[in-house]
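[1] Everything below, folded, please.
(4 chains)
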Protein chains: 2
Amino acid sequence: MARKSLVGVVADELLDRIIAGDFPPGSSVPGELELSAKHEVSRMTVREAMKTLEAQRILSVERGRGTFVNPLNRWASLEAVLRAASEGQNEASASVQLIELRRMLETGACELAATRISDADIHALFGYVASMRQAHEVNDVAAFVDADLAFHDLILRASENVFVAVLFEPLHRVLEKRRAETSAVPTIQVHAIGHHQNIAEALESRNPAKAREAMDSHMQQTLDDLKTLVLGAP
Amino acid sequence: MARKSLVGVVADELLDRIIAGDFPPGSSVPGELELSAKHEVSRMTVREAMKTLEAQRILSVERGRGTFVNPLNRWASLEAVLRAASEGQNEASASVQLIELRRMLETGACELAATRISDADIHALFGYVASMRQAHEVNDVAAFVDADLAFHDLILRASENVFVAVLFEPLHRVLEKRRAETSAVPTIQVHAIGHHQNIAEALESRNPAKAREAMDSHMQQTLDDLKTLVLGAP
DNA sequence: CGTCGCCAGATGTCTGACAAGTCTACTTGC
DNA sequence: GCAAGTAGACTTGTCAGACATCTGGCGACG
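    Numbers count the residues shown, from 1 in each chain, chains lettered A, B, ... in the order given. Model prediction:
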């Protein structure tokens, strides 16, 4: 992603200035003419940038009055909120909150999947665990991560809840980098294999509470791993 | 909301056609010129409509090649996915899935809030329960709903997780109409008051598991109410 | 004193044009 | 004959200027 279109650049810069606090929530943003002069682009480019920010509910455009910044809790873009929440020394806090959110969605999906997952999918889950085990033995981190992701994706799909998948997708993108880091540690790999085995077995028993608990343990481990990785690095 | 801007209309109509299956995921959408002719608007209006859909990850615009429809699981807009999932006879299924999602977020937030909520906020929670009880006695549905919403909002804020609040906000908008319907039934009001009382007491005890369980019971009741309301209407 | 209308400034839309990327198919050179 | 190069058509990206329409405030008029 080397080059971006101008409207993307303008939207990014404008969002940066909003996050930096130049335009607090409720206040108005400079007019389209003023912005087009400052960024040395045409008014239309500014307008399209505004439209993208408006579609994410970051801005509210009111004809004849101006364009205003929405409060952060009305923003619809997880990425934008993440950028805003990661400002300064809050990066660690934001990471923890993301894992907390992932925990809610994954444990919930796992609980739902217990009563809906097919025999074939359960079989596939055990296959992924076997792949993780094998990848661990030959020290193939990429294969390990792939099997890990496939495992969780399958459970998400087996929950048969479209909205969970939709909400989880941006999380997926944000977290996948960190997952590659933690998954590179052999000890963590062993823990993960055990947890995944437990989850698959719990789903096989078709017991929602058990499935939820198994996934919850896994998430707790992930949260602990992240805490030691972020906070325990002197 | 009587009149909408033209770009809003074009974006809506285009989204309708996508949802109707005129342009399946992965396929390309008609060019800007063709669309501007069909909708009898200028190319720029079409472009701005496209930009809003692109910002919601419904479309992918590639310079020189065309504009393409993303698969539904990449869409970033809960509302758009809801519209797509509610097509045909899936409206009941979509409603149930929404409640399932709300259940995950609210139970998770309640569990987190148990260890983070302040004494003052707990006091406020009991105050809202008292308001609900009073509104029930004088049969004031609007006041009942207001106290109900305030109760849940406060817990959400007390979880101190920004991302949960962000993801919950669109859910809030979608569900608030239905909530007004179910909350009008006196029997359901009584149930809700009891559940809210239990939740407040569980949070007061600062026991995460207990708090989660109390909220889960409440969500289960809501789910049952909705099922009898949607499915039990001959 | 209240109401009406005008006006400045904001966004909404249109027209027309050119730039730049991509794919196809034809031309050209070997 | 074949492959490389290229011209063209089609796409989106950006620009310029203009006019329409809405909002809010200010002043003139009744």
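[2] Rank the helices and strands of chain A by mean pLDDT and give me the bottom one.
    helix A:162-182 (a mean of 84; mean pLDDT, DSSP states H and E).
[3] where exactly do the helices run in chain A?
    Counting by DSSP state H, residue ranges of the helices within chain A are A:6-20, A:32-38, A:43-55, A:78-85, A:91-113, A:119-137, A:141-158, A:162-182, A:186-204, A:208-230.
[4] Out of those helices, flag the one nearest residue B:140.
    Nearest of those to residue B:140, taken as C-beta to C-beta: helix A:162-182 at 32.4 Å. Just so you know, the C-beta spots here come from the backbone N, C-alpha and C atoms, and that holds for glycine as well.
[5] tell me what that closest one is packed against?
    Counting by 3 or more C-beta pairs under 8 Å, 6 or more residues apart in numbering or on different chains; DSSP states H and E, the packing neighbours recorded for helix A:162-182 are helix A:78-85, helix A:91-113, helix A:141-158, helix A:208-230, helix B:78-85, helix B:91-113.
[6] What residues of that helix count as buried?
    Of the residues in helix A:162-182, A:162-171, A:174-175, A:178-179, A:182 count as buried by neighbour count, 16 or more other C-beta atoms under 10 Å in any protein chain shown.
[7] Next, the angle from the least confident helix or strand of chain A to helix B:162-182.
    Relative orientation of helix A:162-182 versus helix B:162-182 (axes from the mean of the first three to the mean of the last three C-alpha atoms, to 10 degrees): 170 degrees.
[8] Give me the distance from helix A:162-182 to the chain's centre.
    Averaging C-alpha positions (C-alpha atoms, centre = their mean, to the nearest Å) puts helix A:162-182 4 Å from its chain's average.
[9] That helix versus helix A:91-113: what angle between them?
    Using the same axes, to 10 degrees: helix A:162-182 against helix A:91-113 is 130 degrees.
[10] Keeping just the C-alphas, turn helix A:162-182 into PDB.
    Output in PDB follows, covering the C-alpha atoms of helix A:162-182 (Å, rounded to 0.1, in the frame of the first residue of the first chain):
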ATOM      1  CA  VAL A 162     -23.700 -13.000  11.000                       C
ATOM      2  CA  PHE A 163     -23.300 -10.000  13.200                       C
ATOM      3  CA  VAL A 164     -20.700 -11.500  15.500                       C
ATOM      4  CA  ALA A 165     -18.600 -12.300  12.400                       C
ATOM      5  CA  VAL A 166     -19.100  -8.700  11.200                       C
ATOM      6  CA  LEU A 167     -18.000  -7.200  14.400                       C
ATOM      7  CA  PHE A 168     -15.100  -9.500  14.800                       C
ATOM      8  CA  GLU A 169     -13.600  -8.900  11.400                       C
ATOM      9  CA  PRO A 170     -12.000  -5.500  12.200                       C
ATOM     10  CA  LEU A 171     -10.700  -7.000  15.400                       C
ATOM     11  CA  HIS A 172      -9.200  -9.700  13.400                       C
ATOM     12  CA  ARG A 173      -7.200  -7.300  11.300                       C
ATOM     13  CA  VAL A 174      -6.000  -5.300  14.300                       C
ATOM     14  CA  LEU A 175      -5.000  -8.300  16.400                       C
ATOM     15  CA  GLU A 176      -3.400 -10.600  13.800                       C
ATOM     16  CA  LYS A 177       0.000  -8.900  14.000                       C
ATOM     17  CA  ARG A 178       0.300  -9.400  17.700                       C
ATOM     18  CA  ARG A 179      -1.000 -12.900  17.400                       C
ATOM     19  CA  ALA A 180       2.000 -13.700  15.200                       C
ATOM     20  CA  GLU A 181       4.300 -12.400  18.000                       C
ATOM     21  CA  THR A 182       2.900 -14.300  20.900                       C
END
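[11] what distance separates the start and the end of stretch A:66-76?
    This stretch, stretch A:66-76, spans 21 Å end to end (C-alpha to C-alpha, to the nearest Å).
[12] before we move on, back to that, can you tell me which of the helices of chain A comes nearest to DNA strand C?
    helix A:32-38 (3.8 Å; C-beta to the nearest atom of the strand).
[13] Run through the residues that contact the residue nearest to residue A:51 when sequence neighbours are not counted.
    Of all residues beyond its chain neighbours, the one nearest residue A:51 is residue B:51 (4.5 Å), with distances taken as C-beta to C-beta, 6 or more residues apart in numbering or on different chains. Going by C-beta atoms under 8 Å, 6 or more residues apart in numbering or on different chains, residue B:51 touches A:7, A:48, A:51, A:52, A:55.
[14] By pLDDT, give me the weakest of those residues.
    Within the contacts of residue B:51, pLDDT reaches its minimum at residue A:7, with 91.
[15] That residue - how many residues pack around it?
    20 (other C-beta atoms under 10 Å in any protein chain shown).
[16] Tell me who's in contact with it.
    So residue A:7 contacts A:45, A:48, A:49, A:52, B:51 (C-beta under 8 Å, 6+ apart).
[17] go on, residue A:126?
    Contacts of residue A:126 (C-beta under 8 Å, 6+ apart): residue A:200.
[18] Find me the pLDDT at it, would you?
    pLDDT at residue A:126 comes out at 97.
[19] Report the buried residues of stretch A:24-40.
    A:29, A:30, A:32, A:35, A:36, A:39.
[20] residues touching the closest residue to the fourth one other than its chain neighbours, list them.
    Spatial nearest neighbour of residue A:35, excluding adjacent residues (C-beta to C-beta, 6+ apart): residue A:46 at 4.7 Å. Applying C-beta under 8 Å, 6+ apart to residue A:46 gives the contacts A:10, A:32, A:35, A:36, A:39.
[21] again, only this time at 10 Å
    Residues near residue A:46 by C-beta atoms under 10 Å, 6 or more residues apart in numbering or on different chains: A:6-7, A:10-11, A:14, A:30-39.
[22] do the same with residue A:27
    A:18, A:66, A:68, A:69 are the contacts of residue A:27 under C-beta under 10 Å, 6+ apart.
[23] from those residues, which is closest to DNA strand D?
    residue A:66 (9.0 Å).
[24] how about the residues of chain A near DNA strand C?
    With the criterion set to C-beta under 7 Å from any atom of the strand, chain A comes near DNA strand C through A:29, A:31-34, A:43-44, A:47, A:61-67.
[25] Farthest-apart pair in those residues, please.
    The most distant members of the residues of chain A next to DNA strand C, if one measures by C-beta to C-beta, are A:44 and A:65, lying 20.2 Å apart.
[26] ok, the two, which is more surrounded?
    Each of residue A:44 and residue A:65 has its neighbours counted (other C-beta under 10 Å); residue A:44 has more, 14 against 9.
[27] ok, for the spatially most central residue of chain A, nearest residue in space, not its chain neighbours?
    Centroid-nearest residue in chain A: residue A:171, 1.2 Å away (criterion: C-alpha atoms, centre = their mean). Spatial nearest neighbour of residue A:171, chain neighbours left out: residue A:102 (5.6 Å); criterion: C-beta to C-beta, 6+ apart.
[28] burial count for that neighbour?
    20.
[29] so where's chain A uncertain?
    Counting by pLDDT under 70, the ranges of chain A that qualify are A:1-3, A:229-234.
[30] Let's see that with 90 instead.
    A:1-6, A:73, A:79, A:85-96, A:98-99, A:141-142, A:146, A:169-189, A:191, A:221-234 (pLDDT under 90).
[31] what residues does it put near DNA strand D?
    Going by C-beta under 7 Å from any atom of the strand, the residues of chain A near DNA strand D are A:5-7, A:40-45, A:48, A:62-65.
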